[in-house]
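Asks: Sequence plus predicted model, see below.
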Amino acid sequence: MLQVQFIRDHKDEVIKKLAIRNIDAAPMIEKVLSLDEERRGVQTKLDNTLAESNKLSKEIGNLFKSGKAAEANEMKAKTAELKESSRELSEKLNETANELTELLYKIPNVPHPSVPAGNSDEDNEEIFREGEVPELYEGALPHWELAKKYDIIDFDLGAKITGAGFPVYKGKGARLQRALISYFLDKNTAAGYEEYQVPHMVNEASGYGTGSLPDKEGQMYHVGADDLYLIPTAEVPVTNFFRDVILNESDFPIQCTAYTPCFRREAGSYGAHVRGLNRLHQFDKVEIVRIEHPDKSYEAHEGMIEHVKEILRDLKLPYRILRLCGGDLTFTSALTYDFEVYSTAQERWLEISSVSNFETFQANRMKLRYKDADGKNMLAHTLNGSALALPRVLAGILENYQTPEGIVIPEVLRPYTGFDIID
RNA sequence: GGAGAAAUGGCAGAGUGGUCGAAUGCGGCAGUCUUGAAAACUGUUGAGGGUCACACCUCCGGGGGUUCGAAUCCCUCUUUCUCCGCCA
């Protein structure tokens, strides 16, 4: 969430920049400012009341000590009124503060200056394209047909034991999946990211920390009996390592990577675009997360982009990079680059990575700070990206590497798979 | 799952109703001394709100209560430890 102080100091700028997201934020911002003013007013009144009753309490204590019980008891009577008004004031304070926080939760991050205006994914800006789209032979198939033909992914079996969108990987399919995970993790750790294995469920506070709550409440699976959420991405547990943490400047850069399954309800998705591996309720992903000094975060962001590029080059998959427009930018992000791999048989682009800089938006919710040179606590910047999401990479490999003889395994994966063709 | 114990500042650890935001030690930072460093000594060292700056207010795991007054008493939740049970 945005800092109230920042909104106070940059009101017009915030409104102007949120317009890039097609949001008329002026009414909300005005409300924030008036609530904030109200909150501070009530706070001051409450403070004064408490100060007075603290003073009285001390005096009463002193009177008792010096044996003047009668005077002390007389004074006690005076405190009742103060108590009553401080009770009222603190209720009022709570109300106002809660209202303010709830409102702040509804205001998305301010986009970076480079974010283009726009309404939907059609307005995203392609900034880079690389890799050759292979000429497919006559009779080439989409990945879900290939999965069936070579018996490497069983969607029906998954539907039987769990439901639609929970595939079962078999044989060489399962092995390829594991190869990709290992390859990604090795690649990330070689680039300086420390590997973690994390819980696949998180508590409510973590959900709020990264912004999955309350904005995406309905998208997460909730385990009611224990009030836990299945993670939609490793970003949530990993970034929350740093919730309520004050770092030293020397701790930067912090680079983490983690493989986890990701669980998404995807309520409202339907149709041909969710076929096969295109959109699942459970999928595997290797995530990279960075915690950075504000001065270095965009440099780090570029570094993450280069890193993901390198992986896709290794895999020799045709891909492009988009700079997301204001309308397509996720709630918490200031700047996001999407990587899309070309699905040759479907003749469409599939998102396989989303690399974002959240600046202080998550850090403010999480109270993730560092001590600067003057000893002041400042909010850090958080970033993350996929490196990479498995199913669509797998779809890309199956479709782009298909031959009449079978599916050729990309060179870099062979040490991990132990075979070079699926036939 | 059952029984018991505990949770205090970066760490260790005092504090059982009043002047305690909290002794002491370690660590960190600054200074003195030194060619430099170490040692020694001196000072300093939590977070949030608020203010031009002070004042002032809040925070001793979380929430609630008793009291004029709570780190200290009561209730509740969470977590950790010990013992028993169960178990990959």
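Replies: Ah, there it is. Residues are numbered from 1 along each chain as shown, chains lettered A, B, ... in the order given.
Asks: so does stretch A:195-208 get close to RNA strand B?
Replies: No: Stretch A:195-208 is not in contact with RNA strand B by C-beta under 7 Å from any atom of the strand; minimum separation 8.9 Å. Just so you know, the C-beta spots here come from the backbone N, C-alpha and C atoms, and that holds for glycine as well.
Asks: what's the distance between that stretch and the middle of its chain?
Replies: 12 Å (C-alpha atoms, centre = their mean, to the nearest Å).
Asks: again with stretch A:152-163
Replies: That offset, for stretch A:152-163, works out to 29 Å (C-alpha atoms, centre = their mean).
Asks: Contacts only, for A:Asp420.
Replies: A:Val408, A:Ile409, A:Arg414 (C-beta atoms under 8 Å, 6 or more residues apart in numbering).
Asks: pLDDT score for A:Trp274?
Replies: You called it Trp, but residue A:274 is Val. As predicted, A:Val274 sits at a pLDDT of 70.
Asks: And it, how close does it get to RNA strand B?
Replies: To RNA strand B, A:Val274 is 34 Å away according to C-beta to the nearest atom of the strand, to the nearest Å.
Asks: Let me know how buried that residue is, in neighbour terms.
Replies: For A:Val274, the count of nearby residues is 14 (other C-beta atoms under 10 Å).
Asks: Repeat that for A:Ile288.
Replies: 28.
Asks: and what of the one 4 residues further on?
Replies: Other residues lying near A:Glu292 total 23 when counted by other C-beta under 10 Å.
Asks: try A:Arg129
Replies: Using other C-beta under 10 Å as the criterion, A:Arg129 is surrounded by 12 other residues.
Asks: thinking again about what came up before, include distance to A:Val168, neighbour count and secondary structure when you put the contacts of A:Asp420 into a markdown table, please.
Replies: Converted to a markdown table, the contacts of A:Asp420 look like this (distance: C-beta to C-beta, whole Å; neighbours: other C-beta atoms under 10 Å; DSSP: H, G, I helix; E, B strand; the rest coil):
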| residue | distance to A:Val168 | neighbour count | secondary structure |
| --- | --- | --- | --- |
| A:Val408 | 24 | 16 | strand |
| A:Ile409 | 20 | 21 | coil |
| A:Arg414 | 24 | 14 | helix |
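Asks: Over to the one residue in chain A that gets nearest to RNA strand B: give its phi and psi.
Replies: In chain A, the residue that lies nearest RNA strand B is A:Gly61 (3.0 Å; C-beta to the nearest atom of the strand). Main-chain dihedrals, A:Gly61, degrees, to the nearest 10: phi -60, psi -50.
Asks: and RNA strand B, which of the contacts of A:Asp420 reach it?
Replies: Within the contacts of A:Asp420, nothing lies near RNA strand B by C-beta under 7 Å from any atom of the strand.
Asks: My understanding was that A:Tyr319 contacts A:Glu340; is that so?
Replies: Yes: at 6.2 Å, A:Tyr319 and A:Glu340 qualify as touching, with contact defined as C-beta atoms under 8 Å.
Asks: okay, and the common contacts of these two?
Replies: Contacts common to A:Tyr319 and A:Glu340, judged by C-beta under 8 Å, 6+ apart, are A:Ile352.
Asks: Let's test this: mean pLDDT of stretch A:369-378, rounded?
Replies: Average pLDDT, stretch A:369-378: 83.
Asks: now do stretch A:215-233
Replies: The model assigns stretch A:215-233 a mean pLDDT of 85.
Asks: ok, now stretch A:196-212?
Replies: Here stretch A:196-212 scores 89 as its mean pLDDT.
Asks: number of nearby residues for the residue of chain A closest to RNA strand B?
Replies: Neighbours around A:Gly61, by other C-beta under 10 Å: 11.
Asks: try A:Pro134
Replies: Using other C-beta under 10 Å, the number of residues around A:Pro134 comes to 17.
Asks: could you list every residue that touches it?
Replies: A:Pro318, A:Thr344, A:Asn400, A:Tyr401.
Asks: can you give me the strands for the stretch 1-150 of chain A?
Replies: A:125-130 (DSSP state E, counting those that start in this stretch).
Asks: A:Leu103 contacts A:Lys31, correct?
Replies: Yes: A:Leu103 sits in contact with A:Lys31 when judged by C-beta under 8 Å, with a separation of 6.1 Å.
Asks: More neighbours: which of those two?
Replies: Neighbours were counted for A:Leu103 and for A:Lys31 using other C-beta under 10 Å; A:Leu103 has more, 16 against 13.
Asks: can you pull the contacts of that one?
Replies: Counted by C-beta under 8 Å, 6+ apart, A:Leu103 has contacts A:Met28, A:Lys31, A:Val32, A:Leu35.
Asks: most surrounded residue in those?
Replies: That'd be A:Val32 among the contacts of A:Leu103, by other C-beta under 10 Å, with 23 neighbours.
Asks: hang on, it packs against A:Glu99?
Replies: No: counting by C-beta under 8 Å, A:Val32 sits too far from A:Glu99 to count as a contact (9.9 Å).
Asks: what does chain A put close to RNA strand B?
Replies: Chain A has residues A:40, A:43-44, A:46-48, A:50-51, A:53-58, A:60-62, A:64-65, A:76, A:79-80, A:83, A:246, A:369, A:371, A:375, A:377 near RNA strand B, with proximity defined as C-beta under 7 Å from any atom of the strand.
Asks: So how do I select the buried members of these in PyMOL?
Replies: Typed into PyMOL, the line below selects the buried ones among the residues of chain A next to RNA strand B, using 16 or more other C-beta atoms under 10 Å:
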select buried, chain A and resi 43+46+53+60+369
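Asks: Endpoint to endpoint, stretch A:240-250 covers what distance?
Replies: One end of stretch A:240-250 sits 20 Å from the other (C-alpha to C-alpha, to the nearest Å).
Asks: How is A:Arg243 assigned, secondary-structure-wise?
Replies: Following DSSP: H, G, I helix; E, B strand; the rest coil, A:Arg243 is assigned to coil.
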